[in-house]
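Asker: Show me the folded form of this:
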Amino acid sequence: MSTNRTGVAVGFTYFAAIMMIVMGAMDVLQGISAVAKQHYYVVGSDYLWKLNVSSWGWINLIIGAVVLLAGIALLGGATWARVVGIIVAALVAISNFMWLPYYPIGSIIVIALSVGVIWALAAHGSEIAHT
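Answerer: Residues are numbered from 1 along each chain as shown. Next up is the predicted model:
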């Protein structure tokens with residue numbers, strides 16, 4: 001990878017940071033709604049990863065808060081936020097895969113955005129890091 005900062009690379013990294021903030025905020029709000037209104041999300045009785053909706057809400061709330069904070073830190077140029085961003089974006093993708101029966105369209109969108117964030121941070125994440 002080149003050490004020259006290109007506009008495309010910096011743009012992808014800023015895209016990843018902003019998407020992390022948006023995805024984190026969405027997960028926090030989704031987690032709050034799942035904890036507050038457990039009967040809002042309904043799934044069939046034969047779902048393999050059956051957890052209490054409140055438990056899924058807390059999982060989304062915690063992961064979402066970490067993603068949100070890592071996205072803000074990445075915008076600030078923190079190098080650690082790149083590694084944390086890749087890890088939590090993978091966790092967000094996994095948790096939204098397991099959340100598919102509860103919220104299918106939103107989960108598919110978040111999974112796709114998570115893959116984009118992982119790619120942008122892995123390929124171009126060092127472009128906005130402050131040394």
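Asker: now residue 60: how far from residue 12?
Answerer: Going from residue 60 to residue 12 by C-beta to C-beta, to the nearest Å gives 26 Å. The C-beta positions use only the backbone N, C-alpha and C, and glycine is treated the same way.
Asker: More neighbours: which of these two?
Answerer: The neighbour comparison of residue 60 against residue 12 (other C-beta atoms under 10 Å) goes to residue 60, with 27 against 21.
Asker: Work out for me the element the more buried one sits within.
Answerer: helix 53-75 (DSSP states H and E).
Asker: for the chain, what are the low-confidence residue spans?
Answerer: By pLDDT under 70, the weakly predicted segments of the chain are 1-6, 40-51, 125-131.
Asker: Could you pick out the longest helix of it?
Answerer: helix 7-36 (DSSP state H).
Asker: That one versus helix 53-75: what angle between them?
Answerer: 150 degrees (axes from the mean of the first three to the mean of the last three C-alpha atoms, to 10 degrees).
Asker: Give the other helices and strands that helix 7-36 contacts.
Answerer: When contacts are defined as 3 or more C-beta pairs under 8 Å, 6 or more residues apart in numbering; DSSP states H and E, helix 7-36 packs onto helix 53-75, helix 79-98, helix 104-124.
Asker: go again using 6 Å as the cut-off
Answerer: helix 53-75, helix 104-124 (3 or more C-beta pairs under 6 Å, 6 or more residues apart in numbering; DSSP states H and E).
Asker: And it, what's buried?
Answerer: Buried residues in helix 7-36, counted by 16 or more other C-beta atoms under 10 Å: 9, 12-14, 16-17, 19-21, 23-24, 26-28, 30-31, 33-35.
Asker: do stretch 107-120 as well
Answerer: Under the neighbour-count criterion of 16+ other C-beta under 10 Å, stretch 107-120 has 107, 110, 111, 113, 114, 117, 118, 120 buried.
Asker: List the contacts of the fifth one.
Answerer: Remark: with contacts taken as C-beta atoms under 6 Å, 6 or more residues apart in numbering, residue 114 is in contact with 89, 92, 93.
Asker: The residue nearest to it when sequence neighbours are not counted and residue 33, how far apart?
Answerer: Nearest non-adjacent residue to residue 114, counting by C-beta to C-beta, 6 or more residues apart in numbering: residue 93, 3.9 Å away. Residue 93 is 20 Å from residue 33, where distance means C-beta to C-beta.
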